[in-house]
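In: predicted structure and sequence below. I'll ask about it afterward.
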Amino acid sequence: MAINIILLGPPGAGKGTQARRLIEERGLVQLSTGDMLREARSSGTEMGQRVAEVMDRGELVTDDIVIGLIREKLGQGGEGFIFDGFPRTLPQADALQALMAEIGQRIDAVIEMRVDDAALVSRISGRFTCGNCGEVYHDVTKPTKRPGVCDVCGSADLRRRADDNEESLRTRLMEYYKKTSPLIGYYHCKGNLTPVDGLAEIDEVAAEIAGVLDRVRDRGFSPA
Ligand SMILES: [Zn+2]
């Protein structure tokens with residue numbers, strides 16, 4: 001049985017990390033809006049042409065177009081899908097709900113990755129990675145043993161993302177609270193929202209999410 005899930009949570013809550021595990025361990029396919037648009041553009045299909053026209057005019061791609069792309073993807077079957085970056089607003093959630101009903105599929109689980117703002121700010125603003133091997137470090141919780149040198153590969157190419165600073169993170173957080181966090185109430189009412197502690201260890205969070213998916217699979221049905 002295919003399982004479709006949405007990962008909800010503020011920037012930095014670890015959605016990407018958990019999505020990668022679900023792809024590796026469960027064979028789920030990630031539906032990232034950005035990837036879908038890029039793919040559509042180069043596909044040459046009718047939908048792809050529409051996307052290219054809109055983007056070339058410098059306009060924003062409408063919800064209708066994104067829903068159209070999702071419809072194409074869901075029709076391809078597989079183990080299930082992880083929605084990433086969509087829905088981001090209530091109208092988008094309604095549009096997705098309508099699409100799912102129309103094609104006889106459903107959102108089986110919505111995982112809310114809960115994090116405390118202050119903890120998030122300290123987690124993100126101290127973060128840096130090795131440009132050579134990808135190891136992730138943190139000023140406070142995981143500094144390098146030798147300053148400026150990667151523990152794993154010895155590279156001195158340590159990098160910080162330009163938007164990993166407190167001011168930029170607070171802006172992204174406010175955007176999330178304004179536009180996306182109402183989805184928590186929306187899916188709570190639908191009965192398929194499960195909160196997990198996004199600040200727990202990566203393995204613990206993964207185990208919690210695995211538990212949710214196993215329950216969905218065993219039940220074979222969830223209210224949507
Ligand atoms: Zn390294």
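Out: Yep, it's here.
In: isn't residue 150 right up against residue 133?
Out: Yes. With contact defined as CB atoms under 8 Å, residue 150 reaches residue 133; the gap is 6.4 Å. C-beta: built from backbone N, CA, C; applies to glycine.
In: compare the two (neighbour count), which wins?
Out: residue 150 (21 against 13; other CB atoms under 10 Å).
In: for the closest residue in space to that one that isn't next to it in sequence, list each beta-bridge partner.
Out: Excluding the flanking residues, the one nearest residue 150 by CB to CB, 6 or more residues apart in numbering is residue 130, at 4.0 Å. Per DSSP bridges, the residues bridged to residue 130 are residue 158.
In: from the centroid of this protein, which residue is nearest?
Out: Closest to where the C-alpha atoms of the chain average out (CA atoms, centre = their mean) is residue 84, at 3.5 Å.
In: tell me the pLDDT at that one?
Out: Residue 84 is assigned a pLDDT of 80 by the prediction.
In: quick one, what contacts it?
Out: Contact analysis of residue 84 by CB atoms under 8 Å, 6 or more residues apart in numbering lists 7, 15, 16, 19, 30, 31, 32, 33.
In: in strands, which of the residues you listed appear?
Out: Using DSSP state E, the subset of the contacts of residue 84 located in strands is 7, 30, 31, 32.
In: let me see the ranges of the strands in the chain.
Out: 5-8, 29-32, 81-84, 109-114, 127-130, 136-138, 158-159, 193-197.
In: which of the residues in the first one are buried?
Out: Meaning strand 5-8. 5, 6, 7, 8 (16 or more other CB atoms under 10 Å).
In: wait, what's in contact with the third one?
Out: The reference is to residue 7. By CB under 8 Å, 6+ apart, the neighbours of residue 7 are 15, 18, 19, 82, 83, 84, 111, 113.
In: just confirm the fourth one contacts residue 26, I think it does.
Out: Read that as residue 82. No. Applying CB under 8 Å as the test, residue 82 and residue 26 come out as separate, 9.2 Å apart.
In: and those two? which has more neighbours close in?
Out: A count of neighbours by other CB under 10 Å puts residue 82 above the other of residue 82 and residue 26, at 22 against 17.
In: if I pick that one, what's in contact with it?
Out: 5, 6, 7, 19, 22, 23, 28, 29, 30, 31.
In: do that again at 7 Å, thanks
Out: 5, 7, 19, 22, 28, 30, 31 (CB atoms under 7 Å, 6 or more residues apart in numbering).
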